[in-house]
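[1] This is the structure alone, sequence omitted:
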């Protein structure tokens, strides 16, 4: 990201409600300001073009110092976001209360200051906000020292609380260090890692307990202890469910733990255990009454994608189609939040499941939806695979004339955007040939394709490719005479 584009990306990241709030915020400050004009102009752009801005405002005095105006606009947007989100999280709420405490203390309004301290203290204890706790203790000490000597019992009690908070923060720091180091301890038969970071000790802080469970999951998995790793994840999930108010405030650790368990079970192909977890992720939003956020939305979409993957791999195509309809309803109400990467993932899954269910027109529709995205940095491997799948679809639909052009389009796409894989080259040659082959000779052409892909000395179709496109099964179904009807 080029520095001069920072403001463009900031404006681009704003939601509709944040933009509306900013415009009111800005308008109230100065009805004739230049910042709102500049904001509106940048908001219109799909790609940042500063030359266009300079032409658009060439008669305005601020254009002579555009960098100054842009900097002030950035600060103005951040100020409006702070105002808009001042109660969007408990951490932000406490930060605002700490600002109130400082203002009131400096004004010598100590009783009001004490009220704010009590308000912040309640939130900090309820949600385990360690960083803010140390800041608050500092203000408590300043207030106490106005009334008591340093030798006062109240001061000593406060210093003991501060020591406990520092100890808890130290535990978190130790766990972060362990997390940065854990991958250096694969094949750790003597468990040096556990001894080095004292991970068998019990933490007093709830955040530290969750971190330890998640860390032990990674450690056990890389050391081949699958059952212990899954147990660690379940311990993390169970422990967090004891504090539902914390899940509601920050669902990320909870949803991440479920997602990790789901992904690991899929890797082990234990689908029966994995399916309920996919639904559990989606039910978390209603179960804990979560606010909608990009993170929760991303986790829901990811759970849909993983469930489609399981249904595809286990050949439960009809169940996959039922789930696709459910996903389409969800996407229709959250379309603006769907990232390009997940759009590519889901459209590939839709195409694959409809193809394997022999619903070729529906498969063709979703392949075309994928091609319309035109974002070639997102999952480029899958975009290439979808184009191979598209050729298979056209073959099944007997679109012989279209197939010839589709082969050339696929060849050009792969040449332009990434290195062609060996299996793709073989498939392109196959489709080019079969589009000119009489129906009676299909069997021989398919047999040749099978030999090239699956009977050579070199592995052509690896596990990743086979998981994405079941080429072997498709060839097997097509070996034999085909009717012309």
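    That came through fine. Just so you know, these numbers come straight off a predicted model, no measurement behind them.
[2] helix or strand for the residue nearest the centre of the chain, which one?
    Nearest residue to the geometric centre of the chain (CA atoms, centre = their mean): residue 298, 5.0 Å. Residue 298 is part of helix 294-313 when elements are defined by DSSP states H and E.
[3] Low-confidence stretches in the stretch 1-150 of the chain?
    1, 28-32 (pLDDT under 70).
[4] Okay, helices next: where are they in it?
    Along the stretch 1-150 of the chain, counting by DSSP state H, counting those that start in this stretch, helices occupy 6-13, 16-29, 34-44, 50-56, 66-84, 90-106, 110-127, 130-145.
[5] With mean neighbour count and distance to residue 245 added, can I get these in JSON lines?
    For glycine as for every other residue, the C-beta is placed from the backbone atoms N, C-alpha and C. Formatted as JSON lines, the helices of the stretch 1-150 of the chain follow (neighbours: other CB atoms under 10 Å; distance: least, CB to CB, whole Å):
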{"stretch": "helix 6-13", "mean neighbour count": "16", "distance to residue 245": "29"}
{"stretch": "helix 16-29", "mean neighbour count": "14", "distance to residue 245": "25"}
{"stretch": "helix 34-44", "mean neighbour count": "17", "distance to residue 245": "37"}
{"stretch": "helix 50-56", "mean neighbour count": "13", "distance to residue 245": "47"}
{"stretch": "helix 66-84", "mean neighbour count": "16", "distance to residue 245": "23"}
{"stretch": "helix 90-106", "mean neighbour count": "17", "distance to residue 245": "9"}
{"stretch": "helix 110-127", "mean neighbour count": "16", "distance to residue 245": "7"}
{"stretch": "helix 130-145", "mean neighbour count": "18", "distance to residue 245": "17"}
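[6] Same list (those) but as CSV, adding distance to residue 194.
    Listed next are these as CSV, based on distance: least, CB to CB, whole Å:
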stretch, distance to residue 194
helix 6-13, 42
helix 16-29, 46
helix 34-44, 53
helix 50-56, 55
helix 66-84, 43
helix 90-106, 31
helix 110-127, 29
helix 130-145, 24
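[7] now the strand or helix carrying residue 344 and helix 294-313, what's the angle there?
    Residue 344 is located in helix 340-356, with elements delineated by DSSP H and E. Interaxial angle, helix 340-356 versus helix 294-313 (axes from the mean of the first three to the mean of the last three CA atoms, to 10 degrees): 20 degrees.
[8] Report how many residues lie close to residue 187.
    Per other CB atoms under 10 Å, the neighbour tally for residue 187 reads 7.
[9] That one contacts residue 223, correct?
    Yes. Between residue 187 and residue 223 there is a contact at 6.6 Å, judged by CB atoms under 8 Å.
[10] by contact count, what packs against the longest helix along the chain?
    Taking DSSP state H as the assignment, the helix of the chain that covers the most residues is helix 153-181. If contacts are counted by 3 or more CB pairs under 8 Å, 6 or more residues apart in numbering; DSSP states H and E, helix 153-181 sits against helix 130-145, helix 192-197, helix 206-222.
[11] Including distance to residue 331, could those helices go into CSV?
    Listed next are the helices and strands packed on helix 153-181 as CSV, based on distance: least, CB to CB, whole Å:
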stretch, distance to residue 331
helix 130-145, 37
helix 192-197, 43
helix 206-222, 30
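[12] Which of the ones you listed sits closest to residue 340?
    Taking CB to CB, helix 206-222 is the member of those nearest to residue 340, at 29.1 Å.
[13] What are the contacting residues of the closest one?
    128, 130, 168, 171-172, 175-176, 178-179, 182-183, 185-186, 188, 193-194, 199, 202-203, 226, 228-230, 232-233, 235-236, 239-240, 243, 246, 253, 256-257, 260, 264 (CB atoms under 8 Å, 6 or more residues apart in numbering).
[14] From these, list the buried ones, please.
    The neighbour-count test (16 or more other CB atoms under 10 Å) marks 128, 130, 168, 171-172, 175, 178, 182, 185, 188, 193-194, 199, 203, 229-230, 232-233, 235-236, 239-240, 243, 246, 253, 256-257, 260, 264 as buried among the contacts of helix 206-222.
[15] Lovely, talk soon.
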